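Asks: requesting a structural model of the entry that follows:
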Amino acid sequence: MSLGVVVGQRRWKRKDINTPRWMSATRARCASGFVRSRTPIGYYVCREVAKILIMQRFGRIITVSSMAVGLHEEGTSAYSASKGAVVEMTKILAKELAPLGVTCNVIAPSMVITDAVKALGEAVVARALEKLAIKRTLTIEEICNVISFFAAPDSACITGQVIHMGLVV
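Replies: So this is what the prediction gives:
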């Protein structure tokens, strides 16, 4: 088994990369993934929304992660780390805000056909779908259904949960 690091479009094999170069590449990839991700924005939005929901003593925060967190795929370390951060942030918010009448949950959808997914190519999509329990892409309507479930008044006792759509973790 070889360790690979993806930097830009070049894939480095373990034999080609020394420790300082690997650390630099990994740090740059993780940092750029976090900065370019929406994770910091999500944090600030949740923080500001929570202020309003706390005053109302009721509300729902529903964040979106990804199936990538559970797949542990090569080349997705920065993306998976940023989506994993969303999950952890939401679980901590759930503990903090539950006594104040606010629930916080996460959806982690599997693949939805978008231009970005199409750009990955059919082979990558097929490989990703093969790892799922439900081996097909999702529709926007299916994702909206889960969001509606979390937002419903009948879901007031559900907080700190992650719904993995199509993936068994």
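
Asks: please count neighbours and contacts with C-alpha atoms only from this point.
Replies: Fine.

Asks: could you list the low-pLDDT ranges of the protein?
Replies: Counting by pLDDT under 70, the chain contains low-confidence residues at 1-39.

Asks: by residue count, what's the longest helix in it?
Replies: Within the chain, and with DSSP state H defining each element, the longest helix by residue count is helix 77-97.

Asks: with only the CA atoms kept, save that helix in PDB.
Replies: Once non-C-alpha atoms are left out, helix 77-97 reads as follows in PDB (Å, rounded to 0.1, in the frame of the first residue of the first chain):
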ATOM      1  CA  SER A  77      -8.400  15.000   3.400                       C
ATOM      2  CA  ALA A  78      -9.100  18.700   3.300                       C
ATOM      3  CA  TYR A  79     -12.600  18.400   2.100                       C
ATOM      4  CA  SER A  80     -13.500  15.600   4.600                       C
ATOM      5  CA  ALA A  81     -11.800  17.500   7.400                       C
ATOM      6  CA  SER A  82     -13.900  20.600   6.700                       C
ATOM      7  CA  LYS A  83     -17.100  18.600   6.500                       C
ATOM      8  CA  GLY A  84     -16.100  16.700   9.600                       C
ATOM      9  CA  ALA A  85     -15.700  20.000  11.300                       C
ATOM     10  CA  VAL A  86     -19.300  20.900  10.400                       C
ATOM     11  CA  VAL A  87     -20.500  17.700  12.100                       C
ATOM     12  CA  GLU A  88     -18.500  18.300  15.300                       C
ATOM     13  CA  MET A  89     -19.600  22.000  15.400                       C
ATOM     14  CA  THR A  90     -23.200  21.000  15.100                       C
ATOM     15  CA  LYS A  91     -23.000  18.300  17.800                       C
ATOM     16  CA  ILE A  92     -21.400  20.800  20.200                       C
ATOM     17  CA  LEU A  93     -24.100  23.400  19.400                       C
ATOM     18  CA  ALA A  94     -26.700  20.700  20.000                       C
ATOM     19  CA  LYS A  95     -25.400  20.200  23.500                       C
ATOM     20  CA  GLU A  96     -25.100  24.000  24.200                       C
ATOM     21  CA  LEU A  97     -28.500  25.000  22.700                       C
END
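
Asks: looking at it, T103 is touching Q161, isn't it?
Replies: No. Contact between T103 and Q161 fails when scored by Cα atoms under 8 Å: they sit 9.6 Å apart.

Asks: what about the two, which has more around it?
Replies: A side-by-side neighbour count of T103 and Q161, using other Cα atoms under 10 Å, places T103 first with 29 against 17.

Asks: for P153, see how far away the more buried one is.
Replies: Separation of T103 from P153 (Cα to Cα, to the nearest Å): 11 Å.

Asks: helices and strands around the next helix or strand after the longest helix of the chain, which ones?
Replies: Under the assignment DSSP states H and E, the closest C-terminal helix or strand after helix 77-97 is strand 102-109. On a contact count with 3 or more Cα pairs under 8 Å, 6 or more residues apart in numbering; DSSP states H and E, strand 102-109 meets strand 59-64, helix 77-97, helix 140-151, strand 162-165.
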